[in-house]
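A.B. asks: Quick check, what structure comes out for this input:
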Amino acid sequence: MTKPEVAIRIIWFVWWVSWLAAAAWSDRAVKRPPRRSQIVYRLLAAGGAILLFGLYQHDIRAERLLWQSPISFSWLTAAIVCLGLLFTWWARIHLGRLWSSSVGRKADHRVVDTGPYAIVRHPIYTGISVASFATAAMRGTALAWLGAGVMTLGWYVKARMEEEFLREELGAEAYGAYAQRVPMLVPLLRRSKILRG
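C.D. replies: Take a look at the predicted model:
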């Protein structure tokens, strides 16, 4: 394993542990959609992570490499992973106690449209997706790219579910106006109906 690959795994691990540790820093949800409706995105995210990180095997040489990343490119991807995951933390800190690991509504829930939420409606999923694709680029395998794609699909499914739920709970007008102004996952793609939802 190269030093950049070790660095990327450490960055992801630190992010994951800190993310779990901060779970206590949020209010309880007063309403959630049924748990069974959240199974699909959870399976996609978990399956994508297994493919992305090669958790099914220990030797990357056993995978078919699409390319061998030069060391400078690998360090660049490590920096992009770090930036993507820092973007998720900016979003989570900005949400404060409104953050939740699953789809739900808090007692004082409102549309948050400032900070990273003025750039995209789901900055946490955007940051994780950026970090995932940077990881896949460094690994250079078809399975890693497939994993990043499957994870991103999981976040897209969850984002769509959240938006339907929040439109019902917070009002179609309030959330609809926000959705008209701010793209769903990719900054600057305001006109794309698929990405805006």
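A.B. asks: which residues sit in contact with the closest residue to A45 other than its chain neighbours?
C.D. replies: Closest residue to A45 apart from its sequence neighbours, by Cβ to Cβ, 6 or more residues apart in numbering: G154 at 3.8 Å. Every residue, glycine included, has its C-beta placed from N, CA and C. The contact partners of G154, by Cβ atoms under 8 Å, 6 or more residues apart in numbering, come to 40-45, 47-48.
A.B. asks: what pLDDT does G154 get?
C.D. replies: We note a pLDDT of 96 for G154 in this prediction.
A.B. asks: Now do the same for it: helix, strand or coil?
C.D. replies: Judged by DSSP: H, G, I helix; E, B strand; the rest coil, the three-state class of G154 is helix.
A.B. asks: Quick check: it vs L83, distance?
C.D. replies: 21 Å (Cβ to Cβ, to the nearest Å).
A.B. asks: Repeat that for T77.
C.D. replies: From T77 across to L83, the span is 11 Å (Cβ to Cβ).
A.B. asks: Look at these two and report which has more neighbours.
C.D. replies: T77 (23 against 13; other Cβ atoms under 10 Å).
A.B. asks: and the more buried one, what does it touch?
C.D. replies: Applying Cβ under 8 Å, 6+ apart, we find T77 in contact with 4, 8, 69, 134-135, 137-138.
A.B. asks: What does it show for phi and psi?
C.D. replies: With angles defined as degrees, to the nearest 10, T77 sits at phi -60, psi -40.
A.B. asks: Nearest spatial neighbour of L166, chain-adjacent residues omitted?
C.D. replies: L166's closest residue in space is Y175 (Cβ to Cβ, 6+ apart), at 5.2 Å.
A.B. asks: the strands in the protein, which residues?
C.D. replies: Using DSSP state E, the strands of the chain run over 29-31, 105-106.
A.B. asks: tell me the most buried of these?
C.D. replies: Among these, ranked by average contacts under mean count of other Cβ atoms under 10 Å, first place goes to strand 105-106 (a mean of 18).
A.B. asks: Sheet partners, orientation included, of that strand?
C.D. replies: strand 29-31 (antiparallel) (DSSP bridges).
A.B. asks: check contacts around the nearest residue to T88 once chain neighbours are set aside.
C.D. replies: Distances taken as Cβ to Cβ, 6+ apart place G127 nearest to T88, at 3.7 Å, with adjacent residues excluded. With contact taken as Cβ under 8 Å, 6+ apart, G127 is in contact with 84-88, 91.
A.B. asks: and the residue nearest to L166, what does it touch?
C.D. replies: The contact partners of Y175, taken as Cβ under 8 Å, 6+ apart, are 111, 163, 166-167.
A.B. asks: Please tell me how far it sits from M151.
C.D. replies: Y175 is 25 Å from M151, by Cβ to Cβ.
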